[in-house]
Structures are given as C-alpha cells and as structure tokens.
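K.L.:
Generate coordinates for the sequence data below:
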Amino acid sequence: MNLLFIIKRYISGQGSSLLSINARLSFLGVFLGTSLLVIVLSIFNGFQSQLTKSISQFDPHLTLNISSSQGDEKIQDWKNWASRIELKLAGKATSVEGMIQSAAILRKNSIIEHVFLRAQEFPEYKKPQSWIRPHVSPDSTLDFESKKNDDFSIPAQFPEITEPVNFKSFRKEDIAFIGQEMAIAYNLRIGDTIDLIAPRGQFNLKVGVTPSMKTYKIAAFFKTGHYQYDSKVVILPLYAGQALFETGDSVGQIIIRLHDLKNLNEARREIFKIWPFHIKTLEEEQRNFFAALRLEKTIMTIIVFLFIIAAMVGIIVALYNVVRSKRKDIGILKALGLSDRSVLLIFLSNGFIMGSLGTIAGILTGVYLSYNLENIILFSEGQINALGAWYYLITDKGYWEPVQLIPKNVYYFDHLPVFIDIKFLHQLAITSLILSGVASLLPAYTASRLQPIEIIRGSEN
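P.N.:
Modelled structure (predicted):
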C-alpha cells in the first residue's frame, strides 16, 4: 500500500493536478502518436479496401486460359468445363462464366478512342411479379417498354448500374454497357449508338489481323469506383461478343468469382486438378497494384510509428528528470529500508502508467475522430468557404473559388472511406504498453542503483 502511495505521489502534480508536468508531456506524446496512427491507418485502410473492392467486384478472381496469352486460343465446349469446375469447387464459387476480352477501338462520329472490350455471360431474365419502369431520358431511343422480349438480366456481381435507375433486365440485341466516366467524357446518352472495331481471328503473316466492326446501342452506364475501368471499359453480352469476334459458341476465357477471396489459392489448387492449362489469379493480374498498396501502407505505418518511438524517448527523459529531482527522497526511503527492487518497481510503474493512459486515450480518440473525420472536414470546409466568401465580399476582390479539402474528382469516392481494424488496435495497444515498460526500465534501474551514502555526500558537496 505504501508503494502505491509513493507511485501516486511521484506521478501526480502539485496541489490537485492529476499529473505532473513531466507526466503530462509523456502522456501527450503517447496520446498524439497513437491517435495519429489510428486515424492515418483507418483512412488508408478505408481507401485500400474501397479500391480492392472495386477491382475484385469487376475483375474475375480466377481466369482460365488455354495458353498464358489472353485468350488467343478458343475454349471449345466451355460449358461442360464450367459445370465440372462448379462441381469441383463445391459451393465456393458465386459464378463460373465464359468471357471474351480484347483491346478495341470505339468510334462515335469524330470520336475515335482506344478501349478495353469485355464480353461476358449474363443469366437468363426472370420477369418479377411487379416491374418499375426506370427513369430514362425523354428523347432516349432505347426501347424499355417491350418487356416481353427481355431475356437476360444483370447479375449480382455486376458493377452498380447508375442509369437507367432500377433497371436490371435487357433485351437480347446488340447492346453495350459503358462506364459512367466514359459517358461524361464523350457526351454519350442512353440509346446512343457506337461502333466497336476489334481484331477477328488469329494473326496471319500475310494479312495480319482482320478487323471486325459492329454497331451497338448503349443500354446502361455502370460505375465500379475505379476510374480506369469506368472510363476505358466497354462490356457486351457474351452472344454479342461471340458475333463480333466470330468465335461461334467458343470463348477466350473461363472466369470464376468466389464468395471469399481468402479461398483464392485453395480454389486454384482444386481447379488445377481438372484444368490442365493456364490459371491466373486476381492477385497475379493486379500484382503491381497490390504490391504498391502494401508498400505504401508499410511506409506510412513506419513513419507514423516513429511518433510513438519519440513519445517513448519522452518517457525516458521525463523519468530521468523525476529521478534527479527525487534523489534525496530515494536516499531517505532506501535508508529507511526500501529495497532496490521496490524502487525499480516505483519508477517502472510510473512510466508504464503514463504510457498506458496515453495509449488508451489515444486509441479511443483516434477511433472517434476516424468515424467523424468526414463531418469534421466538411464543417471545416464550410467555415473556410464562408470566411473566404465574406472576405472577398468586403474587400471587393471578386469571386471566391470554393475550397474542397477532399476533391471528389481526384479521389473518386462519394464519401471518405474508413475501416477500423480491431486486430490492429489490439496490436497497437500491446506494442505501446510494452514500449512504455521498456522505456521506463533504464531510468528505473538507475534509480534503484542509487546508494543513500552517495546521495548524502552529493548533497553536502
């Protein structure tokens, strides 16, 4: 009980102060370091998960080719292969589909643009009990009224359809789906027609590659959340792609989507037992992208974690100051019979308590600010714009250009993504507490080695 009193006395300040000046500085360093680390990594994890989600939703998780090149050889009897693969994966896959993908050229009046063309399989349309007519432009030439001819629908894993709204089924005709950003860039509307020019057949030394061109009607705009996809990709139904590339009933690839990406390598091993050709995973297709994300996260973690290391140095300095200021007290206590071990425990506990309080407060504050950061930023943005507009008005400087602290046209997100990793919070708390104990060890050991006689002699000199 006496040790607890001494620990409280050394860590508390004068009068009614909860913490001494040294303890406050140490607490503040740990608090700022942990809260900053939680905020930065929560936002970074949010961006990373959003980007990963947009890619995993649009790109196939596993792609099966006859050769390592992208679909140069046709896969005959692919439906039989798809059935065997579904049986082998035993419910791990959400879909096994045929696909054709290739570079192509989009032409619309004077617009000629290089695009990436993907023809994929769509499920058969099943007419619901009630149907809501979508909102379309009044001058649209696309026929949405003839519901009796609709025979395919949008699958669940397809990107978000932004226009027409509430429309999930389409007629079996020459139609195309384009990204929302492509529509904005080239001023395209629902019902407009575009020409697609794509290579047909295998390369020949005499004639090269024979081009194939067809006209398609724009049926819908989609949004993946990934700018490159939404501005460069055109999607066709598989039957339209097979007609364009003249592949008959064959496809270039068989694609597989899984319920959980954690099963990616396991699913690959299972498929390899029955598929004797080339298999490529999403991680291999996007190797550079995922490697860049991991590298950025590692560097960011190291940089911000240095704040915590600096805070631990602050604990060392603070405890050394306490030891120096309490030398006489330590000498008296040891002369009264206090052991070296008890002195070590007193100062070790001081540092550990300062680190613990800073860590807990920092993590809680970091989590709170992470979840409310978007509101804080919007509030700050509003105040800045209001003050700027008022200043420009009274000084007659003209028009105030509104400030966007998080420009949506740059980051391409509707809101600030936040992801709190509970496992990381546990690791951060444990690491910070361990570092607090380690930082306290050297000053505490120095205090425990002080001898009463040396302290008395030093005070006399």
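
K.L.:
measure the nearest residue to Met182 once chain neighbours are set aside to Phe222 for me?
P.N.:
Sequence neighbours aside, Ser231 is the residue nearest to Met182 in space, at 5.2 Å (criterion: Cβ to Cβ, 6 or more residues apart in numbering). To be clear about C-beta, it is placed using only N, CA and C from the backbone, and glycine gets the same treatment. Distance of Ser231 to Phe222, given as Cβ to Cβ, to the nearest Å: 12 Å.

K.L.:
list the helices and strands the helix or strand the residue nearest to Met182 falls within packs on?
P.N.:
Element membership for Ser231, per DSSP states H and E: helix 227-232. On a contact count with 3 or more Cβ pairs under 8 Å, 6 or more residues apart in numbering; DSSP states H and E, helix 227-232 meets strand 111-120, strand 175-179, helix 180-186.

K.L.:
what's the spacing between it and its chain's center?
P.N.:
A distance of 18 Å separates the centroid of the chain from that of helix 227-232, by Cα atoms, centre = their mean, to the nearest Å.

K.L.:
Toward the C-terminus, what is the element adjacent to that helix?
P.N.:
strand 233-237.

K.L.:
I'd like to know the average pLDDT value across that following strand.
P.N.:
The average pLDDT within strand 233-237 is 91.

K.L.:
ok, now stretch 320-332?
P.N.:
Stretch 320-332 shows a mean pLDDT of 70.

K.L.:
so Tyr399, which of the three states?
P.N.:
Assigned with DSSP: H, G, I helix; E, B strand; the rest coil, Tyr399 falls in the coil class.

K.L.:
And the helices in the protein, which stretches?
P.N.:
For the chain, the helices defined by DSSP state H occupy 2-11, 21-58, 78-89, 180-186, 227-232, 238-245, 264-272, 282-285, 287-325, 327-335, 340-395, 408-411, 422-448, 452-460.

K.L.:
buried ones in the fourth one?
P.N.:
Going back to what we said before, that points to helix 180-186. Applying a neighbour-count criterion of 16 or more other Cβ atoms under 10 Å, one finds 180-183, 186 buried in helix 180-186.

K.L.:
May I see these organised as JSON lines, with pLDDT and distance to Leu264 added?
P.N.:
Shown next, in JSON lines, are those (pLDDT from 0 to 100; distance: Cβ to Cβ, whole Å):
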{"residue": "Gln180", "pLDDT": "87", "distance to Leu264": "29"}
{"residue": "Glu181", "pLDDT": "87", "distance to Leu264": "29"}
{"residue": "Met182", "pLDDT": "90", "distance to Leu264": "30"}
{"residue": "Ala183", "pLDDT": "89", "distance to Leu264": "33"}
{"residue": "Tyr186", "pLDDT": "88", "distance to Leu264": "36"}
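
K.L.:
Please name the residues that touch Ile175.
P.N.:
Residues near Ile175 by Cβ atoms under 8 Å, 6 or more residues apart in numbering: 216-219, 236-237, 240.

K.L.:
can you do 10 Å?
P.N.:
Going by Cβ atoms under 10 Å, 6 or more residues apart in numbering, Ile175 touches 142, 152, 193, 216-220, 235-237, 240.

K.L.:
Would you check which pair of the residues you listed lies furthest apart?
P.N.:
Phe152 and Thr193 (19.8 Å; Cβ to Cβ).

K.L.:
The two: who's more crowded?
P.N.:
Between Phe152 and Thr193, Phe152 has the larger neighbour count (other Cβ atoms under 10 Å), namely 18 against 14.

K.L.:
Quick check: pLDDT value at the more buried one.
P.N.:
71.

K.L.:
before we move on, what about Pro452?
P.N.:
pLDDT recorded at Pro452 is 69.

K.L.:
again with the one 3 residues further on
P.N.:
With respect to pLDDT, Ile455 has a value of 64.

K.L.:
which residues are in contact with both of Ser231 and Phe222?
P.N.:
Common neighbours of Ser231 and Phe222 (Cβ under 10 Å, 6+ apart) are 178-180, 182-183.
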